[in-house]
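Student: need a structure here:
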Amino acid sequence: MGLIRKLTNKIVFFDTAPLIYYIEENQKYHDILRHSSSIELFDLDADISIAAARYRARYGLRTPDAIQVATAIDVSADFFLTNDLKFRNVNEIEVPILDEII
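Tutor: Numbering: from 1, shown residues only. You can find the predicted model right below:
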């Protein structure tokens, strides 16, 4: 089995930040993301923003979700692993559903 590259867009902080106010443990999640040497964080640039708008319109994704998909596609990820079924219709990248593979 090959190396699995873990990546996310920095939008993850925006998308999950409100949870910090409700779930104190979420701050630990942010700290892990921010300081992990095994997770690559990518910036939101114009190309990703434009692609995200296209995926948002095409698939009805929430803006942060569309940005994550656009980022994965932009950096040529092999797949977009999620447990959220709304990504199932995304055709531009393979989307394995975690509950279905474990």
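
Student: can we go C-alpha only for contacts and neighbour counts from here?
Tutor: Noted.

Student: How about L33: what's its closest non-neighbour residue?
Tutor: Nearest in space to L33, with sequence neighbours left out and distances taken as Cα to Cα, 6 or more residues apart in numbering, is I39 at 6.8 Å.

Student: what residues are up against the one you found?
Tutor: 5-8, 33 (Cα atoms under 8 Å, 6 or more residues apart in numbering).

Student: Also P64?
Tutor: If you count contacts by Cα under 8 Å, 6+ apart, P64 has them with 11-12, 15.

Student: what does I93 give?
Tutor: 73, 77-80.

Student: now with 6 Å?
Tutor: By Cα atoms under 6 Å, 6 or more residues apart in numbering, the contact list for I93 reads F79.

Student: quick one, phi psi at it?
Tutor: With angles defined as degrees, to the nearest 10, I93 sits at phi -150, psi 150.

Student: Now do it against L33, distance only.
Tutor: Taking Cα to Cα, to the nearest Å as the measure, I93 falls 23 Å from L33.

Student: again, but for N83
Tutor: Relative to L33, N83 is positioned 19 Å away (Cα to Cα).

Student: between the two, who's got more neighbours?
Tutor: L33 (19 against 14; other Cα atoms under 10 Å).

Student: State the distance from that one to G60.
Tutor: Relative to G60, L33 is positioned 27 Å away (criterion: Cα to Cα).

Student: again, but for A46
Tutor: Remark: distance between A46 and G60 (Cα to Cα) = 20 Å.

Student: which of the two has more neighbours?
Tutor: G60 (15 against 9).

Student: Phi first, then psi, for that one.
Tutor: phi 70, psi 30.

Student: Break down this structure into its strands, ranges please.
Tutor: With DSSP state E, the ranges of strands along the chain come out as 6-9, 39-42.

Student: The first one - contacts with which helices or strands?
Tutor: Packed against strand 6-9 by the contact rule (3 or more Cα pairs under 6 Å, 6 or more residues apart in numbering; DSSP states H and E) you find strand 39-42.

Student: Could you rerun that using 7 Å?
Tutor: strand 39-42, helix 63-74 (3 or more Cα pairs under 7 Å, 6 or more residues apart in numbering; DSSP states H and E).
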